[in-house]
Each structure stands twice: as C-alpha cells, then as structure tokens.
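>>> kindly return the folded structure for what I paste below:
(one chain, ligands or ions: 1)
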Amino acid sequence: MKKRLTLAVFFIAALGIAISSLFGVWTYRCQEISAARQTLIELLNLLDAQSNYTGPEALVSQFSAAVPDKRLTIIAPDGTVLADTLGEVTKNHADRPEFQSALSGKTGEAMRQSDTAGIVLLYEAKPFFDGNVGRISMPVSSVNALILRGVIGFLSAAAVALVLTLLLARILAARTAAPIERQEEALSAQGEKLQTVKSEFAANVSHELKTPLTSIKGFTDMLASGMVKKPEDQKQFITMIGVEVDRLIELINDVLKLSELESVAMPQPDERADLLDVAKKTMEFLEPVARSAGITLSVTGMAQTVSISANRLRELISNLVENGIKYNTPGGRVDIQVENREGRAVLTVSDTGIGIPPEAQERVFERFYRVDRGRTRKTGGSGLGLAIVKHITLLYGGSIHLESTVGKGSVFTVSFPAAT
Ligand code: ADP
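Predicted coordinates for the structure are as follows:
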C-alpha cells in the first residue's frame, strides 16, 4: 500500500513538474526571442540615425566592425541590395516579408531559413529616414544556445524537485498509510475475535441443547424398554420429558431473541412506554410464580415514559424479576422502584436473594455464564437472560449497574434517557 501510494503521489508530482518545466522553457524561449528582436530594433534605430550622415556601404562596414556576429543589409525601396555585411548584393529582396512590412512604414519581422547562410535566421527590418530599408539578422542558434543553458538550469531544478518529491511522497505515503494499516490490522483482529466469539457461542448453544436432549433420550429409552412398568412412574417420566422440552424451548427462544437484538434490532423513534405501568403488569404476570416460590413482589414509584417498546421493556423487567425469584429463598422479596434521577428514568430491581460473589458480578452479563451450574440445572434458565437485558439496555441508550452481597441480595439498576 505504501509503495502504491508513493508511486501515485510521485507520478502526479512528476507530471506537474514536467508540465511546468515545459511551460517554463517555452515561456523562456519566447522571452529570449523577443529580447533578441528588441536588440535588433535598437541597433536599427541607431543605424537609422547614422544613415543620414553615412552612406550604405560605410554604414555596413562600420556595423560589421562593431557587431561581427550579426548581418546588416541595406535595401533600396525597389528591393535592390545596396550594401550587405556578407557582400551579397546580387539578389533582389523585394519579396522578403520583413522588407515589405518595413516599406509600409512598420518594423518588419521574420524567422526563416536563410538562402545564403543555410541556417535559421531572425530578421528585423526598419524603414530608414533616407528612404532605404535597414535589415539586421542573426542566427536563431545563438538564442537557442542561451535557451539551452536555461533549459539545463530548468532540468537541474526539475531533477532536484523530483528527488525531493520522491522523498516527500515516501514520507506522505508512510504517514497516510500507517493509520490505515493500523485500522486494517485492528479490523482483522476484530474480525478474528468476532469469529472466535461466534464459534464459542455455537459451541455453547450446542452444549446447552445436548444436555436436555440427552435427558429426553434417556427417559424415552427407559419408557421404550418396558422397564418402567408402574403407570405413576411412567407419568413422572413423561412429566420430566416435558420439563426438558420446556427448557429447550426457552433456550431456543432466548437464542433467537439475542441474535435478533445483536443483528437486526433498531430502536424506532416513535416507540413509547411507561416504565411503571410495564413493571406493574410484569409483576402481576409473575405473581403466581413468585407465590409458589414463597417470594413477595412489590412495585413502587412514579410514571416514567421512555422511548422503548413495551415488549422489550417487559422482556427486560421479567428477566430481572425472574432471576430475583429464582435466586432467592422462601420468604424473600423482589422489589421494583421506578423514579426519575437527574432527567433519567431509573428502574431498580432489588431482591433479598443469595447474592452474587464480587468476581462474578461482571461476568453474569456474559452469554451462558452461571455462578452455580448445579443450581441453574434445578431452577432452569438458559443462561442468556442477563445478556438479553444488557443488549436491550444498550440498544436504547441506557446503562445497567449491579450491586450485590452474597447472602443478602442483589440490586440491578437500569437507567434510560427519559422520553419527552
Ligand atoms: P440464568 O438463565 O442462568 O438465570 P442469567 O443470564 O439470567 O441466566 O443469569 C446469569 C447468572 O447470574 C445466573 O446463572 C445466576 O448465577 C446469576 N444471577 C442472575 N441474577 C441473579 C440474582 N438476582 N441473584 C443471584 N444470582 C443471580
């Protein structure tokens, strides 16, 4: 990734440098040609002033001595060459574009291959005061030599810029790629962790399913073998099969609830429920279970509207209250309190039960974690109740807190943003 990023940044920057260098060279060439033209015009102006006193031949020989690298031609208005530093006076110059421009009173310019010298020349022609036309030419190659020196300068600057670009591209790529690579590593680690959690969950579910199924298989085998003869024994076996089937149904329901909460559940903005009302109804529903376990239930507090569906709230409260009844002793209590604390709707479920040891208090919200497996086997329960409670709480922006003392009881406090 770093390499690709370096190459991409370098390529873009190199393209930019190449384009700007080409443009620079071209601009530089234009400037140099126009400066050369300007020099020729200035020379012509000087010669024009001189031509009043000096005839064409003398003017040409003076010029040749003073400026040997340039050619001066004095042309009569009919195109006849009157004098020339190269001594070429035979050809008529009437058809030369720079001469024609100069005849019309302007400064004439041209750049073309010279018939005489065979090289590309830059021409500048000017109408003189005496009626003749003065024309100076110089080889473009001398301008090109200057440009070449400039180009070498440009190329060296471009080379330095390219090296710097490569360095900067590498630094930039390293800086940009580092957090992305770290994120990728974190994501893959997270993916692996998720995979492990999923396989652990699948293994746990299979194990949880296996236990009641093995019992059912044992009971049915015994019944089928004919060894259980007495009708009352047969009835007891069938009742036990029923208990195990209920256990299976409870487990499957809880697994489905949990996977729905984890994957598809989304809080809906229009969901509303009164915490106190749902708590009262749930307690009424659980009253017979509590009575048979010798537990007293109570609900107190004030109405608190929250943005949660009544079904989810019932799910949450019944899981907490059922645990309060299950992990309790006859004569015990489960109390619900609903109140508003600093703008939050708070539900407290306290019991006078067996309590949870400190080292297990964090873990009870994990899937399938149980403090005492033997006891759960007797009381029932999928081991997913508190995981479901925690998921519902977090899904609706709430928080859950547990305080518990072994032998005294537990207090689960759930708080949600109060709905307006
Ligand atoms: P379970 O189906 O086993 O009740 P939960 O997820 O509801 O599963 O609870 C996990 C474990 O936490 C229980 O097995 C139990 O050991 C402990 N626990 C939950 N609630 C209470 C409580 N009110 N008092 C004591 N222990 C509790």
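>>> alpha carbons only: can I get stretch 357-372 in CSV?
What follows is stretch 357-372, C-alpha atoms only, in CSV (Å, rounded to 0.1, in the frame of the first residue of the first chain):
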residue,chain,number,x,y,z
PRO,A,357,-19.9,-13.0,44.5
PRO,A,358,-17.8,-9.9,43.5
GLU,A,359,-15.7,-11.9,41.0
ALA,A,360,-18.8,-13.0,39.1
GLN,A,361,-20.6,-9.6,39.1
GLU,A,362,-19.0,-8.5,35.7
ARG,A,363,-19.4,-11.9,34.1
VAL,A,364,-23.1,-12.6,34.8
PHE,A,365,-23.9,-10.4,31.7
GLU,A,366,-21.9,-12.8,29.5
ARG,A,367,-23.8,-15.4,27.5
PHE,A,368,-24.2,-18.7,29.3
TYR,A,369,-22.3,-17.6,32.3
ARG,A,370,-23.7,-19.0,35.5
VAL,A,371,-22.4,-18.7,39.1
ASP,A,372,-23.7,-22.1,40.1
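>>> could you list the low-pLDDT ranges of the chain?
Applying pLDDT under 70 to the chain flags residues 116-117, 375-378.
>>> continuing past the longest helix anywhere in the chain, what's the next helix or strand?
Ranked by number of residues, the top helix in the chain under DSSP state H is helix 140-225. Using DSSP states H and E, the helix or strand that follows helix 140-225 in sequence is helix 231-263.
>>> and that next one, does that touch the ligand?
No. Between helix 231-263 and the ligand, judged by CB under 6 Å from any ligand atom, nothing touches; the nearest distance is 7.9 Å. Just so you know, the C-beta spots here come from the backbone N, C-alpha and C atoms, and that holds for glycine as well.
>>> name the residues of that helix that come out as buried.
The neighbour-count criterion (16 or more other CB atoms under 10 Å) identifies 237, 241, 244, 247-248, 250-251, 254-255, 257-258, 261 as the buried residues of helix 231-263.
>>> re earlier: for the longest helix of the chain, name the packing helices and strands.
helix 2-51, strand 120-127, helix 231-263 (3 or more CB pairs under 8 Å, 6 or more residues apart in numbering; DSSP states H and E).
>>> try it again with 6 Å
Here helix 140-225 touches helix 2-51, helix 231-263, going by 3 or more CB pairs under 6 Å, 6 or more residues apart in numbering; DSSP states H and E.
>>> how about the residues of the stretch 201-350 of the chain by the ligand?
Counting by CB under 6 Å from any ligand atom, the stretch 201-350 of the chain comes close to the ligand at 319, 323-324, 327.
>>> tell me which residues form a beta bridge with residue 415?
For residue 415, the beta-bridge partners under DSSP bridges are residue 346, residue 399.
>>> what's the distance between it and the ligand?
Note on residue 415: its distance to the ligand, by CB to the nearest ligand atom, to the nearest Å, is 18 Å.
>>> going forward, begin numbering at 321 instead of 1
All set: I'll call the first residue 321, so the last point we hit is now residue 735.
>>> state the distance from that residue to residue 713.
Residue 735 sits 9 Å away from residue 713, going by CB to CB, to the nearest Å.
>>> please apply the same query to residue 727.
Distance of residue 727 to residue 713, computed by CB to CB: 27 Å.
>>> between the two, which is the more surrounded one?
Just comparing residue 727 and residue 713: by other CB atoms under 10 Å the higher neighbour count belongs to residue 713, 20 against 9.
>>> so the more buried one is in which element?
helix 705-715.
>>> just say helix, strand or coil for residue 701.
Using DSSP: H, G, I helix; E, B strand; the rest coil, the structure places residue 701 in coil.
>>> residue 493: how many residues sit nearby?
With other CB under 10 Å as criterion, residue 493 counts 20.
>>> ok, residue 668 next?
So residue 668, with other CB under 10 Å, has 20 neighbours.
>>> quick one, what contacts it?
657, 733 (CB atoms under 6 Å, 6 or more residues apart in numbering).
>>> that one should be in a strand, yeah?
Yes. Applying three-state DSSP, one finds residue 668 inside a strand.
>>> could you find the closest non-adjacent residue to the residue of the stretch 321-470 of the chain found nearest the ligand?
Per CB to the nearest ligand atom, residue 321 is where the stretch 321-470 of the chain lies closest to the ligand, at 43.9 Å. By the measure of CB to CB, 6 or more residues apart in numbering, the closest residue to residue 321 outside its immediate chain neighbours is residue 497, 5.0 Å from it.
>>> swap in residue 658?
Residue nearest to residue 658 in three dimensions, not counting chain neighbours: residue 621, with 3.2 Å by CB to CB, 6+ apart.
>>> the one you found and residue 661 touch, don't they?
No. Using CB atoms under 6 Å, residue 621 is not in contact with residue 661; the gap is 11.2 Å.
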